[in-house]
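Asker: show me the folded form of this:
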Amino acid sequence: MALPLVRSNIVIFFISMTLVLILALGVYVSNRLLTHWLLVGALEQDYVHQQAGIQDILNSYAIPKVNGPESTLQGLRLTLPLTSNAAPAVSPEMMVKLHAVLKHKYADSMILDTEVVFPVTAVEQDSSLPAFAEIDWLSTNKISSVRALNHAWAAFNSKKPLSVIPDMTWFGAFGTTAVVVYNPGPSEAFAPSAVLLVTQSEILESLSGLIWSISASISVLCLISFAFAAILLWMRFYDQVRTNSNIQYLAHHDTLTGLPNRAVFNARLAGALRHAQAKASNVGVMLIDVDKFKEINDTHGHGIGDVFLQIVGERLQTVFHKHLVARLSGDEFAVLLTSVSDPARMTRLAADMIAATTSPCIIDGREIKLSLSIGLARATDGSWRVSRLLHCADLALYNAKHSGRSTFSWYTPGLDAEAQKRKEVENGLVKALKLDQFKLVYQPQYTLRDGALRGYEALVRWEHPAKGEIRPDLFIPIAEDCGLIDDIGTWVLNNACREAMLWEDQSRCVAVNVSAAQFVAGETQKRVAQALQNSGLDPSRLEIEITESLLISNTDAVIETLRQIHDMGVSIAMDDFGTGYSSLSYLSLFPFDKIKIDQTFVQNLGKDSGTDAIVTSIVGLGRSLNVTITAEGVETEEQAILLSAAGCDLVQGYMFGKPDKVERHEAAYPVFPQNTSGGFWFPQKRGQGTQKPKIKLSPKLAQFATLASAQPSSDEKAGSVTS
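Answerer: Predicted coordinates for the structure are as follows:
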């Protein structure tokens, strides 16, 4: 791109020089023309006073026009040549008179020579008459330019009474003499013309001051005009250069961070690979992705997100200041390592970059955690190409993000196999949607107060024709990555509503999960309404479960969509409550019908006093807000007892039934799979002689358990709790 700019500079230089030369030539020409005009005017003023007298004398020399033999008349010369062949001299009286007229005192000019010549027609009539062609001033160097004599010849033939022709060459040089031509007045006879050779140097010398002052003024005006034109030209050229420079910069750099863009990185990487192939060296690449950048954008706004990316770019340049750092896309960066490409040093650099993220970003008083995932790949021979190396680094980056984030991962050949498996799963999901290979299973939800079966949570399974049943944790993340989760979620919603209408007990509710990936503000409520209309299900039997991550994204639009769903009569539940950092704030934004305690808290019940306090607080919060509390992931009797003591409303988990067909759950009810002996919290009259379970409760839960056991019902006297 530099060559066109050099060419344009050369063109501008030549144009500028041409304009300067034209300006100089214009000033010079104007000076010569002005001098010529002033010189002619001055000479005419000197010789115009003798015009009438000279014409009278010239007319006195006229010869009549004859048709017979030509009469001869010798030429008349007022100067006395050394040898003369002229006709008989005029009368002394007329010669004295002519000399008296021509010897008038002139201001700044002097007559050097005078010739009297007859018209061509008269010379043809009498060849002895003097002709204009006989004037020898050019040959005797009295006139330096033939142009002056030619112009005098033209003036002689024009019959103009008085003509002044300065001696000036074609390139503007003035001689010391000038030619003055007196033509006779109108006459029927052939009258001669007087051609005078006069001096002009004195007039030139007297006019030089005026001429140069006028020329200087013209030069100044021309210079001003040229300068103005040059400024306009330079401004346009400068704007064009600056625009081209900006275009070049924008074409090769990211406008937000100022880092090189993907095109530059790919070009540099291709060159590095060629050089590595020639030198038998190695090339390393790091792909760096900002973790949860979408949440930062959605939570703090795009303005804060842009500043955050600029800070990320600055920290990358600080750590990799000797290497090429580029921004490939929104939150994805890349580093090209040529001088440091061995695994140990690349690993050290990646670790340094992870360590550089420990310092939080503070933007407008907000502290934002910085987390990066890094994928590393290395070209070890000349067979590597840009696309292959970047693909390997991308696989390593994917592995780092799915390994807990805020870490780095090296590419290994095994990642290709995993990527192939993901591709197979993705292709299989497309076929599964077309061939209806999905099915729904249901996990029951029981009340702890009386052991009643309240409803089911719908869970999707994939029945692969060759691999059998595939768990959702294997294909749901892939479906979210490839964009198929929306279609799968719609299928689950429609089929859950349709199957719930076929249950024998129409009082059972059905809960359907809606992930953040499939939730579309302004569209999800339409899909819910369509599912209810197509199935005929009572809206009060449908429950939509959402996670906190959904509320982080575009909160106002999500809240409005949830309100419209709630207005249909559908219940809204917050799933995985307590795992986010804004759970309580979201409860104030939207009146949820149910809160589900995440299974990570349930698993630590009775083992950690902090977890017991959190569960107790969540239950108390639910009661104060008149919200139903559900605990998920209940697998042991101890967990169930503790949740009952805390006052939890509903439970679900393997203890109460694994995901299965509704018919099997209904047939097994009210016997719980993991506790067929019953207990104080269990309403069935079974196992009255069962030994009391020895469970250690926290003081807070022990108080609730004591109160619960103080007033057992007739069906609950067989169970007890010891703390």
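
Asker: so Gly284 touches Val340, yeah?
Answerer: Yes: look at Gly284 against Val340 with C-beta atoms under 8 Å: they come within range, at 7.1 Å. Where you see a C-beta, it was placed from the backbone N, CA and C, and this is true even at glycine.

Asker: okay, and for the stretch 501-650 of the chain, where does confidence drop off?
Answerer: Along the stretch 501-650 of the chain, the model assigns pLDDT under 70 to residues 551-555, 578-586.

Asker: residue contacts, the spatially closest residue to Gln603 that is not a sequence neighbour?
Answerer: What sits nearest to Gln603 in space, not counting adjacent residues and going by C-beta to C-beta, 6 or more residues apart in numbering, is Gly633, at 6.5 Å. When contacts are counted by C-beta atoms under 8 Å, 6 or more residues apart in numbering, Gly633 is found next to Asp598, Gln599, Thr600, Val602, Gln603, Gln652, Gly653.

Asker: how far is the lengthiest helix in the chain from where the chain is centred?
Answerer: Determined from DSSP state H, the single longest helix within the chain is helix 201-252. The gap between the average C-alpha position of helix 201-252 and the chain average comes to 37 Å, counting by C-alpha atoms, centre = their mean, to the nearest Å.

Asker: equivalent analysis for stretch 196-208, please.
Answerer: 72 Å.

Asker: quick check: neighbours of the lengthiest strand in the chain in the sheet, parallel or antiparallel?
Answerer: The longest strand of the chain (DSSP state E) is strand 453-464. In the sheet, strand 453-464 lines up against strand 438-447 (antiparallel), strand 468-470 (antiparallel), strand 509-513 (parallel) (DSSP bridges).

Asker: nearest to Ile111, out of these?
Answerer: strand 509-513 (122.5 Å; C-beta to C-beta).

Asker: give me the helices and strands touching the very next helix or strand once past that closest one, please.
Answerer: Using DSSP states H and E, the helix or strand that follows strand 509-513 in sequence is helix 524-535. Judged by 3 or more C-beta pairs under 8 Å, 6 or more residues apart in numbering; DSSP states H and E, helix 524-535 is in contact with helix 485-500, strand 542-547, helix 555-567.

Asker: kindly reformat the strands paired with strand 453-464 as JSON lines containing mean neighbour count and distance to Glu548.
Answerer: Converted to JSON lines, these look like this (neighbours: other C-beta atoms under 10 Å; distance: least, C-beta to C-beta, whole Å):
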{"stretch": "strand 438-447", "mean neighbour count": "21", "distance to Glu548": "21"}
{"stretch": "strand 468-470", "mean neighbour count": "12", "distance to Glu548": "27"}
{"stretch": "strand 509-513", "mean neighbour count": "22", "distance to Glu548": "13"}
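
Asker: would you list the phi and psi of Asp576?
Answerer: Backbone torsions of Asp576, given as degrees, to the nearest 10, read phi 60, psi 40.

Asker: nope, Gly606 is what I meant
Answerer: phi 80, psi -10.

Asker: go ahead and confirm it touches Leu642.
Answerer: Yes: here Gly606 reaches Leu642: they are 5.5 Å apart, a contact under C-beta under 8 Å.

Asker: neighbour count: those two, which is higher?
Answerer: Leu642 (29 against 17; other C-beta atoms under 10 Å).

Asker: re the thing from before, who are the packing partners of the longest helix of the chain?
Answerer: helix 2-47, helix 262-279.

Asker: same question for the helix or strand just after the last one, mean pLDDT?
Answerer: Counting by DSSP H and E, the element after helix 262-279 in chain order, helix or strand, is strand 283-290. Here strand 283-290 scores 92 as its mean pLDDT.

Asker: helices or strands up against strand 283-290?
Answerer: Checked by 3+ C-beta pairs under 8 Å, 6+ apart, strand 283-290 has helix 262-279, helix 302-319, strand 332-337, helix 343-356, strand 372-379, helix 386-401 packed alongside it.

Asker: and the helices and strands packed on helix 524-535: which comes nearest Thr357?
Answerer: Taking the helices and strands packed on helix 524-535 one by one with C-beta to C-beta, strand 542-547 is closest: 25.6 Å.

Asker: partners of that closest one, with directions?
Answerer: Per DSSP bridges, strand 542-547 is paired in its sheet with strand 509-513 (parallel), strand 571-577 (parallel).

Asker: could I get these as CSV with distance to Ser617?
Answerer: Listed next are the strands paired with strand 542-547 as CSV, based on distance: least, C-beta to C-beta, whole Å:
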stretch, distance to Ser617
strand 509-513, 24
strand 571-577, 11
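
Asker: which one, of these, ends up nearest to Val264?
Answerer: In terms of C-beta to C-beta, the element of these nearest to Val264 is strand 571-577, at 42.8 Å.

Asker: and the closest one, how far out from the chain middle?
Answerer: 42 Å.

Asker: do stretch 419-429 as well
Answerer: Distance, centroid of stretch 419-429 to centroid of chain: 35 Å (C-alpha atoms, centre = their mean).

Asker: start the count at 46, not 1, going forward
Answerer: In the new count, where the first residue is 46, that last one comes out as stretch 464-474.

Asker: and it, average pLDDT?
Answerer: The model assigns stretch 464-474 a mean pLDDT of 85.

Asker: then stretch 207-227?
Answerer: 87.

Asker: next, the buried residues of that stretch.
Answerer: Neighbour-count burial for stretch 207-227 flags 207-213, 219-220, 222-227 (criterion: 16 or more other C-beta atoms under 10 Å).

Asker: just stretch 256-267 next, same as before
Answerer: Ile256, Ile259, Ser260, Ser264, Cys267.
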